[in-house]
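Student: below: sequence and its predicted model.
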Amino acid sequence: MRQMGKKIRITFGLVLCLTSCFMHSVRCAEKVLVLKSPSSSLTVRVFKGGDKGFFYTLSLKNRTLIHASHLGLSIAGRPFLNPAAKLKLISSNSIAESFSLLRHNYKVKNVSYKSYRIGIGKSLIEFAVFDQGCAIRYHLPAKQVHITAEQTSFVLDGSAGAWFFERTNNWKLKSYAGLWTETRIDSLDKISPTGPVQGKPVVAQLADKSYLFIAEAALQGYSGMRLKANKNSLTVDFTEGDKGFYVQPNQFPFTPWRIIGWAANLNELVNQPLVETLNANPDSALFKNTDYIMPGKSAWSWITKDGNYLDPVTEKSIIDAAARLNYTYTLIDDGWEEKWKQKWEVLKDLVEYGRKKKIKVWVWKDSKFLRDVVYRDAFLDTLGRLGVAGIKIDFMNSEAKELIDFETSFLKAAAKKKLMVNFHGCQTSTGEYRTYPNEMTREGIRGMELNIMNEPIPAWHNAALPFTRFIMGPADYTPGLFSKRGATTLTHQLALLYLFDSPFQCIAENPVTLLKDTLYRPILPLIRDLPTTWDSTLVLNGSRIGHCAIAAKKKGNDWYLAAINGLAAENSITLDLSFIKDLSAYTAIVICDAKGAFSASSVIPAMLDEKNISIPPAGGFVVHLKRKDK
C-alpha cells in the first residue's frame, strides 16, 4: 500500500477562476448550465469548451470533487454531441422515490433527486443530481447505433487515495475476482501489470476523509463500463475496444448511468442509494407472481468435497443437516450431469427428498451450454417441472455487450419458469437486481473459493469488501469456510456471514461438519438464526477500509454486531451502542476467538457500550443482541 500524499485544497472561488480560464483558453463564450441537488449542497456545472467539446464539473459547497471532465459518445466514429451546437436546458424535475426490493423484502423510502435534460443540437443528455452524488446518461437516436467509443471521464484530485481490485493476469476484468488494494488516483494508470484499465467501482478517499466512488447503474443493452486511467483521469472504456458494439435504442433508448457518488463517511458510503434508485422497477407482467423469490441460507458440498462428492446418499445427508440448521436450500454444483448417468431421475429424487425436509434445491450449469435459446428454454423448463428452486450459471467471463444481453435474456427466461438466478464468472452488479428480482446474488468478487485454488484470501481484502464491492449490491462470496479458512481466525469467518450481504447466502462449510464437530457447537444457535436480509445497516466507528470493518445490522427486533480485523496485529476498538435506545431491553451473546476455538458468553449489553474490545490479528467478533420481550 502507498501512503497518501497531502491534498491540494482548491477554494470555490479558485475553481470558478480555473473554469473561466479554461473556457477562455478555448475561446468559449457559452454560458454555464448550473444543476443543483435537492438541498443545493451538490452542484453540477455543464459547459462547452470551444472546439474541445463539452464538459462538466461536480462540486460540494465550496469544494470541487470532479474537475472539468469530458462528455460524449462516438457513433460509427463520429461525435454524438455536435461540437458546433449550443447547450440548452430542456427540462428539470424534482423526483422523490420509494420502492421495494422484492428479493430483499424491504422498501427503500424517500430517495430524492433532481432530473435535468440538456439539449446539444439534436442530442440529449440526462443528469440525475442527488445530495449524495450525480449520474449521467445519453439518450440514443431512434435507430440502431454503432457505439465505437465513449468520452465520459472523471477527473479527480490525483493525490486522493484509491481503492481498486487487482489481479495480475487476464482474468482480472473477466471475473472481477481481484484483491481490493490501495494506491493513489494518479497511480491507477501504471500500477497494474495488466495495463491502465480498471474495473468498477473505484473508491476514492479524499483529504477530509469523505469518499467518492465511480460506478455504473442500469446496465442493459450496452457493454459494461470499465475505467481507463490516465494520470488523474478515468475514462469510460469497453471490452470491445475500437470495433465497438451495436445498440438497439428501440429496446434500450438510454446508455447506462455513469455514477459519481459522494459520502461523508463509511456509513453513508455503505448506505448510498444511487445504484438501486437508478434502476427501473420490475416488469409487472413478468414478475406478477414473486412467491418463488425467497431469500435463505444454502448448503454447498463443492468447496469441501471429498471422494463422496455428489454421491446421492451424501447429498441427502447434507439436506438432513441443512434442515437441522434451519437452512432453506442446498446447491448441487459442478459435475452432477456427468456423475449421474440418470441425471434427471437422481435430481428429481433429491428434490423430492428435500421437499420432505423443507429444503429446496439449486443446480449449477456452465453458461456456454445456455447460449442457445432453444436448449436454454428446454433446460429451464425441465428444472421448473422438477421443482428446482434456482440455477447458478458460471463462466460468462466478459462484460462485452453480447454477454450483458445474455444475462438480461437469461433473467427473463428464468423468471418465466419461476427460477431464481445466481451469476458466477461475471462482472459486478449495477443494480439490475431491482429490475430483475429473481437475481438473488452474483459473484463479481474475489470470494472464498480462491482459498482452495492456491490463492488464499488475506484478512485485509475481507476488511475492504463492505466498502468497495458490496456498495454495488449483494455478492456470492460463500462465507463461513471454517475448515479451510486460510490466515484468518474462526470468528473472522463467522463475522463474514453478517458483514457480507447475499439474499442467497451460500455457507461454505459442510453442514454435516458443523453438526458433528464439537468445535462448532457454540455457534450453532447463531447459524440457525442467521438472517440473510436486513432491515438496516450501520457502519460503526473504528471502521477503516482494509483495516477493520465493524457493522451493526437490524432484523426485526434484534441487532447483530460483527467486526473483522484486516491487520496482522491486534486491533483495539471501542463500541458505541448509542443507536440502541434501551440496552437493558436486550440480552447479549458474544462470540470471540480463543486459541483456535470459539468463545461464547452471555453478557449484560451495557458492559459492551463504550468499552474497548481487542480483536486478534486477522480475527473477529460477533454479538447477537436479542430483545427480551419479543
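Tutor: Thanks, I have the structure now.
Student: C-alpha only now, for contacts and for neighbours.
Tutor: Noted.
Student: now Arg137: closest residue in space, sequence neighbours ignored.
Tutor: Trp257 (4.9 Å; Cα to Cα, 6 or more residues apart in numbering).
Student: list the contacts of the one you found.
Tutor: Under the criterion of Cα atoms under 8 Å, 6 or more residues apart in numbering, the contact list for Trp257 reads 135-137, 216-219, 278.
Student: how close does it sit to His146?
Tutor: With distances taken as Cα to Cα, to the nearest Å, Trp257 is found 18 Å from His146.
Student: low pLDDT regions in this structure?
Tutor: 1-30, 102-106, 630 (pLDDT under 70).
Student: how does it divide into domains?
Tutor: 12-277, 296-303+397-536 (automatic domain parsing).
Student: using a markdown table, lay out those domains together with distance to Val351.
Tutor: Below are the domains of the chain laid out as a markdown table (distance: least, Cα to Cα, whole Å):
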| stretch | distance to Val351 |
| --- | --- |
| domain 12-277 | 22 |
| domain 296-303+397-536 | 14 |
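Student: single out the most deeply packed of the ones you listed.
Tutor: Most buried of these, by mean neighbour count (mean count of other Cα atoms under 10 Å): domain 296-303+397-536, with a mean of 21.
Student: pull up the distance across it, start to finish.
Tutor: Domain 296-303+397-536 has its terminal residues 17 Å apart, counting by Cα to Cα.
Student: quick check: closest non-adjacent residue to Lys316.
Tutor: Leu350 is the one closest to Lys316 (Cα to Cα, 6+ apart), at 7.0 Å.
Student: neighbours of that neighbour, how many?
Tutor: 23 (other Cα atoms under 10 Å).
Student: which element, helix or strand, includes Asn267?
Tutor: Using DSSP states H and E, Asn267 falls within helix 266-270.
Student: now do that helix: which elements does it pack against?
Tutor: strand 536-539 (3 or more Cα pairs under 8 Å, 6 or more residues apart in numbering; DSSP states H and E).
Student: show residues contacting the helix or strand that the strand it packs on is followed by.
Tutor: Going down the chain from strand 536-539, the next helix or strand is strand 548-555, by DSSP H and E. By Cα under 8 Å, 6+ apart, the surrounding residues in contact with strand 548-555 are 460, 463-464, 466, 498-499, 531, 533-543, 559-567.
Student: please apply the same query to stretch 499-512.
Tutor: 103-104, 295-301, 303-304, 317-318, 321-322, 325, 440-441, 448, 466, 470, 473-483, 497, 532-533, 551, 562-563.
Student: helices - which of the residues you listed land there?
Tutor: Taking DSSP state H, the ones among the contacts of stretch 499-512 that sit in helices are 317-318, 321-322, 497.
Student: just the buried residues out of those residues, in PyMOL syntax.
Tutor: To isolate the buried ones among these in PyMOL, judged by 16 or more other Cα atoms under 10 Å, type:
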select buried, resi 318+321+322+497
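Student: okay if I get the ones in helices among the contacts of stretch 499-512 as CSV plus distance to Ser92?
Tutor: Formatted as CSV, those follow (distance: Cα to Cα, whole Å):
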residue, distance to Ser92
Ser317, 60
Ile318, 57
Ala321, 57
Ala322, 53
Leu497, 43
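Student: host element of Ala618?
Tutor: Applying DSSP H and E, one finds Ala618 in no helix or strand.
Student: and Asp333, what is it in contact with?
Tutor: Contacts of Asp333 by Cα under 8 Å, 6+ apart are 300-302, 363-365.
Student: swap in Lys174?
Tutor: 396-399, 425-427 are the contacts of Lys174 under Cα under 8 Å, 6+ apart.
Student: phi, psi for it please.
Tutor: phi -80, psi -40 (degrees, to the nearest 10).
Student: tell me the spacing between Ala549 and Val361.
Tutor: 33 Å.
Student: rewinding a little: save the contacts of Lys174 as JSON lines, and put in secondary structure and distance to Leu227 too.
Tutor: Below are the contacts of Lys174 laid out as JSON lines (DSSP: H, G, I helix; E, B strand; the rest coil; distance: Cα to Cα, whole Å):
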{"residue": "Met396", "secondary structure": "coil", "distance to Leu227": "20"}
{"residue": "Asn397", "secondary structure": "coil", "distance to Leu227": "17"}
{"residue": "Ser398", "secondary structure": "coil", "distance to Leu227": "15"}
{"residue": "Glu399", "secondary structure": "coil", "distance to Leu227": "13"}
{"residue": "Gly425", "secondary structure": "coil", "distance to Leu227": "19"}
{"residue": "Cys426", "secondary structure": "coil", "distance to Leu227": "17"}
{"residue": "Gln427", "secondary structure": "coil", "distance to Leu227": "13"}
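Student: tabulate those in CSV, adding columns for distance to Thr290.
Tutor: Below are these laid out as CSV (distance: Cα to Cα, whole Å):
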residue, distance to Thr290
Met396, 26
Asn397, 29
Ser398, 29
Glu399, 28
Gly425, 26
Cys426, 25
Gln427, 26
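Student: ok, which pair from the residues you listed is furthest apart?
Tutor: Glu399 and Gly425 (10.2 Å; Cα to Cα).
Student: what does stretch 268-286 rub up against?
Tutor: Identification of contacts with stretch 268-286 by Cα under 8 Å, 6+ apart yields 97, 99, 111, 132-133, 211, 216-218, 257, 259, 261-263, 412, 415-416, 430-432, 434-437, 466-467, 470-472, 537, 539.
Student: picking that back up, okay, the helix holding Asn267 in PDB with CA atoms only?
Tutor: The C-alpha trace of helix 266-270 is given here as PDB (Å, rounded to 0.1, in the frame of the first residue of the first chain):
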ATOM      1  CA  LEU A 266     -18.200   4.900   5.600                       C
ATOM      2  CA  ASN A 267     -21.800   4.600   6.900                       C
ATOM      3  CA  GLU A 268     -23.100   6.800   4.100                       C
ATOM      4  CA  LEU A 269     -20.900   5.000   1.600                       C
ATOM      5  CA  VAL A 270     -22.400   1.600   2.500                       C
END
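Student: for that helix, the distance to its chain's centre please.
Tutor: Chain-centre distance of helix 266-270: 13 Å, with Cα atoms, centre = their mean, to the nearest Å.
Student: offset the numbering so it begins at 33, please.
Tutor: Got it, the first residue is 33 from now on, which makes the last one we talked about helix 298-302.
Student: what ranges do the helices span in this protein?
Tutor: 44-57, 204-207, 298-302, 306-309, 344-356, 368-371, 375-388, 405-418, 433-448, 464-467, 491-496, 522-531, 543-548, 556-561.
Student: nearest to Lys320, of these?
Tutor: Nearest to Lys320 among the helices of the chain is helix 433-448 (10.0 Å), distances taken as Cα to Cα.
Student: list the helices and strands the closest one packs on?
Tutor: helix 405-418, strand 452-455.
Student: check those for me and report the most buried one.
Tutor: Ranked by mean neighbour count, those are led by strand 452-455 with a mean of 25 (mean count of other Cα under 10 Å).
Student: I'd like the distance between Gly339 and Lys348.
Tutor: 16 Å.
Student: more crowded one of those two?
Tutor: Lys348 (19 against 6).
Student: enumerate every residue touching that one.
Tutor: The contact partners of Lys348, by Cα under 8 Å, 6+ apart, come to 382, 385-386.
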